[in-house]
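Engineer: sequence-free structure coming up:
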């Protein structure tokens with residue numbers, strides 16, 4: 001399965017400042033026409049899942065999608081919690097306003113500073129709050145992605161049980177948990193096998209941990225469901241090399257971010273060709 005990512009629609013490009021600036025200029029104007037065109041190209045090629053971070057601009061984009069009958073077909077995977085939103089409130093309105101905006105964030109921050117622990121109830125609380133913002137718009141929400149800033153923090157603090165508890169709570173609502181991580185081998189060792197991992201992988205080894213060969217060895221041996229993000233290495237990788245990579249076939253889903261409909265089309269078609277078995281030929285007598 002290919003999943004559309006939201007980074008280009010919100011001015012994020014890890015490799016190109018020029019591209020990010022162009023995206024951001026459209027964002028300031030609340031011009032979603034480019035995003036909509038890319039989404040329609042994605043739907044035309046069977047891509048009907050959209051992972052979106054729950055930052056301040058996300059509701060505006062989702063509302064614009066909801067107003068379009070074709071784009072309502074997307075299933076939304078919220079990437080939560082989006083701590084930069086809280087940072088923005090602090091920067092523009094001060095700490096008291098930030099605390100009033102989300103007491104769960106404040107509770108988690110106080111506990112982390114005082115005890116080095118994130119309370120499970122606080123984590124569940126603000127994840128539920130951000131998910132509800134998406135679900136209330138009427139989109140199907142089959143899964144939740146926990147941002148890597150939280151996943152890797154909790155793994156480092158020895159509190160993987162917090163993530164497991166959140167996954168079990170979500171399972172009772174019929175949703176799965178995806179743990180986004182920059183430490184996939186550690187996450188695989190510590191997290192419940194039912195949790196999906198989403199991590200960086202590409203043929204160039206860009207942002208791949210611990211390194212390209214180490215990742216490939218781990219991927220060949222794990223039985224866990226793993227999703228790949230960054231497969232085009234922010235535009236640096238060649239599509240022919242990407243789809244020729246045997247490791248790519250081991251991923252259940254691929255997260256792709258692009259603002260260009262032609263890029264989505266080319267990627268989807270190339271992946272489909274790479275995953276379609278060659279026709280069998282009858283043996284000659």
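Structural biologist: Arrived safely. Here the structure is a predicted model, which is why all the values come from computation and not from measurement.
Engineer: Please, where are all the helices along the stretch 1-150 of the chain?
Structural biologist: 17-28, 33-44, 58-66, 83-93, 95-101, 103-115, 120-135, 148-156 (DSSP state H, counting those that start in this stretch).
Engineer: List the buried residues of the third one.
Structural biologist: Applying a neighbour-count criterion of 16 or more other CB atoms under 10 Å, the buried positions in helix 58-66 are 58-59, 61-62, 64-65. For glycine as for every other residue, the C-beta is placed from the backbone atoms N, C-alpha and C.
Engineer: which outside residues touch it?
Structural biologist: By CB atoms under 8 Å, 6 or more residues apart in numbering, the residues outside helix 58-66 that reach it are 6, 9-10, 30, 32, 35-36, 39, 52, 71-72, 74, 76, 82, 133-134, 137-139.
Engineer: which residues touch residue 72?
Structural biologist: By CB under 8 Å, 6+ apart, the contact list for residue 72 reads 65-66, 138-139.
Engineer: got those residues as CSV, with pLDDT and distance to residue 169 columns?
Structural biologist: As requested, the contacts of residue 72 are arranged in CSV below (pLDDT from 0 to 100; distance: CB to CB, whole Å):
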residue, pLDDT, distance to residue 169
65, 94, 27
66, 94, 26
138, 88, 22
139, 92, 20
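Engineer: Among those residues, which pair sits farthest apart?
Structural biologist: Maximum pairwise distance in the contacts of residue 72, criterion CB to CB, is 10.3 Å, between 65 and 138.
Engineer: end-to-end on stretch 136-144?
Structural biologist: 15 Å (CA to CA, to the nearest Å).
Engineer: and the residue nearest to residue 6 when sequence neighbours are not counted, bridged to which residues?
Structural biologist: Once flanking residues are discounted, residue 6 sits nearest to residue 52: 4.3 Å by CB to CB, 6 or more residues apart in numbering. Under the criterion DSSP bridges, residue 52 forms beta bridges with residue 78.
Engineer: Residue 146 too?
Structural biologist: With DSSP bridges as the rule, residue 146 is bridged to residue 80, residue 179.
Engineer: Can you tell me how far it is from residue 269?
Structural biologist: Distance, residue 146 to residue 269, by CB to CB, to the nearest Å: 31 Å.
Engineer: ok, the two, which is more surrounded?
Structural biologist: residue 146 (26 against 13; other CB atoms under 10 Å).
Engineer: Double-check the more buried one against residue 176; I have them as touching.
Structural biologist: No - contact status for residue 146 versus residue 176: not in contact, 11.1 Å apart, counting by CB atoms under 8 Å.
Engineer: Low-confidence stretches in the stretch 1-150 of the chain?
Structural biologist: For the stretch 1-150 of the chain, the stretches with pLDDT under 70 are 11-30, 82-122.
Engineer: Go again with 80.
Structural biologist: Within the stretch 1-150 of the chain, the ranges that satisfy pLDDT under 80 run 10-31, 55-56, 81-127, 129.
Engineer: can you check the stretch 151-285 of the chain too?
Structural biologist: Confidence mapping of the stretch 151-285 of the chain against pLDDT under 80 gives the ranges 259, 275-285.
Engineer: how about the strands in it?
Structural biologist: Assignment of strands within the stretch 151-285 of the chain using DSSP state E, counting those that start in this stretch yields the ranges 176-180, 196-200, 226-229, 253-256.
Engineer: Output the ones you listed as TSV; include the columns distance to residue 247.
Structural biologist: Converted to TSV, these look like this (distance: least, CB to CB, whole Å):
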stretch	distance to residue 247
strand 176-180	19
strand 196-200	12
strand 226-229	9
strand 253-256	12
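Engineer: show me what contacts the most centrally placed residue in the chain?
Structural biologist: Among the residues of the chain, the one closest to the centroid is residue 51, at 5.1 Å (CA atoms, centre = their mean). Under the criterion of CB under 8 Å, 6+ apart, the contact list for residue 51 reads 3-6, 76-79, 145, 255.
Engineer: Between those, which sits nearest residue 43?
Structural biologist: Nearest to residue 43 among those, with distances taken as CB to CB, is residue 4, at 9.1 Å.
Engineer: Report the contact partners of that closest one.
Structural biologist: Residues near residue 4 by CB under 8 Å, 6+ apart: 38-39, 42, 47, 49-51, 74, 255-257, 264.
Engineer: Neighbours of residue 224, how many?
Structural biologist: Neighbour count for residue 224, taken as other CB under 10 Å: 17.
Engineer: next one: residue 204
Structural biologist: Quick note: residue 204 (other CB under 10 Å) scores 16 neighbours.
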